[in-house]
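*Asks:* Give me coordinates for this.
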Amino acid sequence: MSSTDQLQELANVPKEFFKDGQQFMNRCTKPDKREFLKISQAVGIGFVVMGAIGYFVKLIHIPVNNILVGAA
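*Replies:* Numbering: from 1, shown residues only. Okay, the predicted model is just below:
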């Protein structure tokens, strides 16, 4: 493989990347109201669940930490 072939192949990489990106953007659609609400609800539930898990971990961690520090 000659150096000009390598340069040509290297130059084609960004062209293919942008071509694929353009095709992807053309296929993407803006969500309708129902789909947006569904996604928002899922994200909201995720925030609540992760917050609850963090709260309960902290709730359990504080007394355990006090027992360990008090015993030492």
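*Asks:* Pull the number of nearby residues for Leu37.
*Replies:* Counted by other C-beta atoms under 10 Å, the residues lying close to Leu37 total 11. Any C-beta I mention is one placed from the backbone N, CA and C, and that applies to glycine too.
*Asks:* In terms of pLDDT, where does it sit?
*Replies:* We have a pLDDT of 97 for Leu37.
*Asks:* in what helix or strand does it lie?
*Replies:* Under the criterion DSSP states H and E, the helix or strand holding Leu37 is helix 33-71.
*Asks:* Give me the buried positions along that helix.
*Replies:* Buried residues in helix 33-71, counting neighbours by 16 or more other C-beta atoms under 10 Å, are absent.
*Asks:* Where does Pro31 sit: helix, strand or coil?
*Replies:* coil (DSSP: H, G, I helix; E, B strand; the rest coil).
*Asks:* quick one: the residue nearest the centre of the chain and Lys58, what's the gap?
*Replies:* Among the residues of the chain, Val43 comes closest to the average C-alpha position under C-alpha atoms, centre = their mean, at 11.9 Å. Counting by C-beta to C-beta, to the nearest Å, the gap from Val43 to Lys58 is 22 Å.
*Asks:* ok, back up a step: how near is the residue nearest to the centre of the chain to Phe56?
*Replies:* 21 Å.
*Asks:* low-scoring stretches of this structure, by residue?
*Replies:* Along the chain, segments meeting pLDDT under 70 span 1-2, 71-72.
*Asks:* Look up phi and psi at Lys30.
*Replies:* Here is the backbone geometry of Lys30 (degrees, to the nearest 10): phi -70, psi 130.
*Asks:* measure it to Ile67 for me?
*Replies:* With distances taken as C-beta to C-beta, Lys30 is found 54 Å from Ile67.
*Asks:* now Ile60
*Replies:* 11 Å.
*Asks:* same thing with Met50?
*Replies:* Met50 is 27 Å from Ile67, by C-beta to C-beta.
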